[in-house]
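Dropping the sequence and predicted coords here.
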Amino acid sequence: MKEKKPSGLSLVYCIALLMSLPAFLVAFCATAIAEDGCITGKCHSSLTSAKVVHPAMSMGCSSCHEAVSQQHPQKNVKTFKLTQDPPGLCANCHSPFGSKKYVHTAVKNGMCTSCHDPHASAQQKLLLKPANEICLTCHADKNGFKFMHGPTAAGDCLMCHSPHETDNTAQTLKPGEEVCFTCHLEMQAEVKKAHLHPALANGCTSCHNPHGSAFKKFFIAEGNDLCFQCHPNIQEKLTGSAVVHPPVLTGCTTCHSPHASDAERLLPKSGIEFCLTCHMDLLKKEYTVLHGPIKEGKCYACHDPHGSPNRRLLVKEFPTDIYNPYTDKEYELCFSCHKRDLLLFPETSYATGFRDGDRNLHYVHVNRKEKGRSCVICHNIHGGPLPKLINDKTHFGNWDLPIKFEKTENGGSCSPGCHKPVGYDRKNPLKGGMTVKEKEKEKEKEKEKGGKQ
């Protein structure tokens, strides 16, 4: 609103008074003329011409200014001053700031006019410029990214930040990730899952730049390099691995949720269920017996999901050949769980169930200086239809060699392509090498002979 211009009658009265009144009243009348005529066509006319005018203007210039000289104007001399220094002056009408934990530097320094025009402006809130332009005057480093966060790109800094003061770091309107969840509503349910990524617990900005980035999704680093900032051990492992799990090369998020999951290790599904989404042919429908780690859903007990110096991502060495000279370091993978005792003693009553009486048949097959048999000749390492994970057949060159294992109450027998049918019995040793069925037939023959005599 414009200041009221002095009327002709008031000027006449003042001139008459100037001629007839004492000197001390002359100064009073001069001030009255200045007060009544600050905004004229010649003086300060722009102060009220903008779209938004400071309400204090309607209270008169003297609500904020006072004369320091009787003569006004004077060239290169300030003849008026503020009635108080800011921010005290502003606090006469506006609630003072400074009660919260974090106060914007401009506010802390008391310079309200760093951002606001005290008279009038084309911007709301009497801002000197559009809000984002004012912010970028000091925070130029928050702009100009290849990928810009929506509010930053739109110039809406106040969508996330308080311009004056707040109890939250970075002048945010809400604490931590709550300010992010204002827009990213789906994350509210995500963080309630059983397993939360520790990086998210420390805030979204652990991985994302809230203003923008040179990388997609506003990551502070690109691809796996972002993950390696907290997981350097994985990076070291991959650098020294002869075999790298292909999904790792695609990106960590191929297997892991970056935020939260109801499954352990931030996997989309639990254990083996997830592995089988790619390795779908690993377990057959006819498998009734599963290897312990598979049964527990812990593929990682044998396989490193990231990288390994061993073939098939095995966590420890396992020989590739079906025949191997036995040493005490052979089959380290298997003996991570199983006791090596089953291969150490030619005779035992406890170390293994694969024995004929006390004769240790594991020892017989495996503990050899030459052509010791590999575990995988007889056992399927994932699962199978037979007890003890016995193979129904095994690869021998291009031949699927049949095993033909049959379990009995105290032992069993096999009739593979590599030797004649042989059985074993823990209680009644079959020292002759005959199977239980063959031994029964032999007894029947002996009875028949005895009867004829």
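Everything's here; your move. These numbers were taken from a predicted model, which means no experiment stands behind them.

burial count for Pro175?
12 (other C-beta atoms under 10 Å). C-betas here are computed from N, CA, C, even on glycine.

excluding its backbone neighbours, what's nearest Gln124?
Spatial nearest neighbour of Gln124, excluding adjacent residues (C-beta to C-beta, 6 or more residues apart in numbering): Val52 at 6.3 Å.

who does Gly384 bridge with?
Note on Gly384: beta-bridge partners by DSSP bridges are Val289.

Tell me who's in contact with it.
Each residue near Gly384 by C-beta atoms under 8 Å, 6 or more residues apart in numbering is listed here: Tyr287, Thr288, Val289, Ile390, Asn391, Asp392.

distance of the nearest residue to the fourth one once chain neighbours are set aside from Cys135?
The spatial neighbour of Ile390 that comes closest, neighbours along the chain excluded (C-beta to C-beta, 6+ apart), is Phe405 at 4.6 Å. Relative to Cys135, Phe405 is positioned 77 Å away (C-beta to C-beta, to the nearest Å).

And for Pro319?
In terms of C-beta to C-beta, Pro319 sits 65 Å off from Cys135.

Tell me which of the two has more neighbours.
Higher neighbour count among Pro319 and Cys135: Cys135, with 20 against 16, using other C-beta under 10 Å.

neighbours around the nearest residue in space to the more buried one that is not next to it in sequence, how many?
Spatially, and ignoring its direct neighbours in sequence, Cys135 is nearest to Cys157 (4.7 Å; C-beta to C-beta, 6+ apart). Cys157 has 19 neighbours, counted by other C-beta under 10 Å.

List the residues that contact Cys157.
Cys157 neighbours (C-beta under 8 Å, 6+ apart): Ala131, Asn132, Cys135, Pro151, Pro163.

And the residues you listed, which is closest to Asn380?
Among the contacts of Cys157, Pro151 lies closest to Asn380 (C-beta to C-beta), at 57.0 Å.

That closest one and Leu389, how far apart?
58 Å.

Check Thr239 too.
35 Å.

Next: Thr182.
Thr182 is 55 Å from Leu389, by C-beta to C-beta.

Also Leu200?
For Leu200 relative to Leu389 (C-beta to C-beta), the value is 41 Å.

likewise Asn233?
33 Å.

So which of the two has more stuff around it?
Leu389 (20 against 10).

Tell me which residues touch the more buried one, please.
Val289, His291, His379, Asn380, Ile381, Gly383.

tally of neighbours for the second one?
Read it as His291. Neighbours of His291 using other C-beta under 10 Å come to 19.

can you pull the contacts of the residue nearest to Gln124?
By C-beta under 8 Å, 6+ apart, the residues touching Val52 are Ala120, Ser121, Ala122, Gln123, Gln124, Lys125, Leu126.

Quick check: ChimeraX command selecting the buried ones in those residues.
Selection of buried members from the contacts of Val52 for ChimeraX, criterion 16 or more other C-beta atoms under 10 Å:
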select :120,121,123,126
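
quick revisit: just give me the closest of the contacts of Leu389 to Val248.
Nearest member of the contacts of Leu389 to Val248, counting by C-beta to C-beta, is Ile381, at 22.9 Å.

quick one: contacts for the closest one?
If you count contacts by C-beta under 8 Å, 6+ apart, then Ile381 has His291, Cys302, Cys375, Leu389 around it.

Widest-spaced pair of those?
Maximum distance among these (C-beta to C-beta): 13.2 Å, for Cys302 and Leu389.

Quick check: closest non-adjacent residue to the residue nearest the centre of the chain.
Closest to where the C-alpha atoms of the chain average out (C-alpha atoms, centre = their mean) is Pro258, at 3.7 Å. Computed as C-beta to C-beta, 6+ apart, the closest residue to Pro258 that is not its neighbour in sequence is His197, at 6.3 Å.

what's the neighbour count on that neighbour?
Neighbour count for His197, taken as other C-beta under 10 Å: 20.

Make 894 the first number, not 1, from now on.
Okay, using 894 as the starting number, the last item reads as His1090.

per-residue pLDDT, it?
On pLDDT, His1090 comes in at 96.

before we move on, what about Gly991?
Looking at Gly991, the pLDDT reads 88.

Hmm, Glu1058 and it touching each other?
Yes: using C-beta atoms under 8 Å, Gly991 is in contact with Glu1058, at 6.9 Å.

Which residues are in contact with each of the two?
Shared contacts of Gly991 and Glu1058, counting by C-beta under 8 Å, 6+ apart, come down to Val1000.

Which of the two has more residues huddled nearby?
Glu1058 (16 against 12).

surely that one meets Ala999?
No: using C-beta under 8 Å, Glu1058 is not in contact with Ala999; the gap is 10.9 Å.

Which residue ranges make up each domain of this protein?
Here the domain parsing of the chain from automatic domain parsing is 901-976, 995-1113, 1209-1333.

okay, how far is it across the second one, tip to tip?
Using C-alpha to C-alpha, to the nearest Å, the end-to-end distance of domain 995-1113 comes out at 25 Å.

Would you pull up how far that domain lies from the middle of the chain?
20 Å (C-alpha atoms, centre = their mean, to the nearest Å).

do the same with the last one
The offset between the C-alpha centroid of domain 1209-1333 and the centroid of the whole chain comes to 47 Å, using C-alpha atoms, centre = their mean.

in the sheet, who's paired with the closest residue to His1258 other than its chain neighbours?
Residue nearest to His1258 in three dimensions, not counting chain neighbours: Arg1266, with 4.5 Å by C-beta to C-beta, 6+ apart. Beta-bridge partners of Arg1266, counted by DSSP bridges, are Tyr1216.

what sits against Gly1164?
Per C-beta under 8 Å, 6+ apart, neighbours of Gly1164: Ala1156, Glu1157, Glu1189, Gly1190, Lys1191, Cys1192.

Please apply the same query to Leu1236.
Counted by C-beta under 8 Å, 6+ apart, Leu1236 has contacts Tyr1219, His1255, Tyr1256, Val1259, Asn1260.

Can you pull the phi and psi angles for it?
With angles defined as degrees, to the nearest 10, Leu1236 sits at phi -110, psi 0.

Tell me, what's the model's pLDDT at it?
Confidence score, pLDDT, at Leu1236: 96.

Buried residues in stretch 1076-1087, which are they?
In stretch 1076-1087, counting by 16+ other C-beta under 10 Å, buried: Met1080, Glu1083.

how many neighbours does Leu1089 have?
Neighbours of Leu1089 (other C-beta under 10 Å): 15.

For it, which residues count as its bridge partners?
Under the criterion used (DSSP bridges), Leu1089 bridges to Ala1153.
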